[in-house]
Every structure is written in structure tokens, then in C-alpha cells.
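>>> no sequence on this one, just coordinates:
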């Protein structure tokens, strides 16, 4: 059990890297695993029951409340992305003169806040620490430190352009990652949340495109 616990952070980083690779070839910002994929899970012997204790339907051991490394990697990646996007969306008040865009930003910030609560509840239920293994990484769907500073300094139409660019990439990446995890060997509850995340991102993209000033 101690070995499984020690390997969980590395397995989580590996899963995040694999999710990123599924959607963005050459994802340079993805964390690089220091152990081979085999260390993330334990496969059942050929004659063992595929539904034995601690195993999912494919016979892969899950040591974190039913969540496997891919589940945890996706949840933590979504939290990192949503945290930053929520901050960016809240910058709109006081920086944009576009009421339609401001209304969209307020609504989307609220949906991100609620989504963060759902994602963190999944980690808490599984007893996984709510830390951020992606701190300092530049990854698809997230802006760099330089880009964030530019957003914070911008006003008016310049801010509007930067906001649309940042959130457009963020929402696109969320949709792709949600689709990827739903196709993976993920926990059923994680798949349900991923469906909701993907649907919400699609709706936000549509409403951003229809906001005045495009």
C-alpha cells in the first residue's frame, strides 16, 4: 500500500501527459513522467476475476477511492485550467466596455466556479489532496505568465481581444480533454462530470462567438 501511495503523484502526472498527448501532438507543457506507465496501475493475473476487489472493469487496480490515474490526472488538470480561467473571466469587470461580453464573462465565471466545486468534491470523495501539480507549467488551454500579465494590464478593446483569445483556447481544450477522458477507462462518475464539462464548454464557446464586438 505504501508503494501505491508513493507512486500516485507520478501516475497522476503521467496521466495528465497522456491526456494532453491525446489532443495536442507535441504538448511541450505537459509534465514528463519519471516512471514507465506500468507503475501507474497493477494488472490482474490472467485467471483473476476482472471484477475483484480494488479493480475496475478492465482488471486495473484503483487505489484512490475507485479513481484511476487517468481520472485523477484529468480532474487535477481541469481544476488548474478552470482556476486560471475563472481569474481571467473576473478581470472583465472594470476592463471591458462591452456589456454583452461582460455579461458572458460573468455567467461563464459562475459556471466555472460551480464546476470547480464539483471537481474538488470528486477529489475529496476519493481522499486525494487538492494540490496543483501543474503549477508553473505552460500548457494548452492555459495562458502563460506573460499573457496573464498582459490581460491584467489591458483595457477596452485590447482586453476584449485578449479575453476572447485566451478563453477560446481554454474552452476548445476543455472540450477535447472531456471527450478524451470519456473514451478512456474512466470512472463512471468522472465520465458523467466530463460530459457536463464538455457540454458547458461548447455552450460557452457558442455564446462567446455571438457576443457583440466579435
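Noted; the coordinates are in hand. What you see is a predicted model; the values in this text were computed from it and never measured.
>>> just the helices in this structure please.
For the chain, helices defined by DSSP state H occupy the ranges 2-23, 69-90, 99-126, 145-153, 156-183, 188-210.
>>> for residue 186, list the residues it contacts.
Contacts for residue 186 were tallied using Cβ atoms under 8 Å, 6 or more residues apart in numbering; they are 68, 70-71, 74, 194. Where C-beta positions appear, they are placed from N, C-alpha and C, glycine not excepted.
>>> go through those residues and name the one nearest residue 126.
Nearest to residue 126, judged by Cβ to Cβ, of these is residue 71 at 8.2 Å.
>>> quick one: the closest one from residue 201, how far?
Between residue 71 and residue 201 the distance is 19 Å, computed by Cβ to Cβ, to the nearest Å.
>>> who has more neighbours, the two?
Using other Cβ atoms under 10 Å as the criterion, residue 71 and residue 201 rank with residue 71 on top: 30 against 24.
>>> ok, the more buried one - contacts?
So residue 71 contacts 15, 122, 181, 186-187, 190 (Cβ under 8 Å, 6+ apart).
>>> mind checking pLDDT for the nearest residue to residue 190 once chain neighbours are set aside?
Spatially, and ignoring its direct neighbours in sequence, residue 190 is nearest to residue 71 (4.6 Å; Cβ to Cβ, 6 or more residues apart in numbering). Here the pLDDT value assigned to residue 71 is 93.
>>> pLDDT value on residue 130, please?
As predicted, residue 130 sits at a pLDDT of 83.
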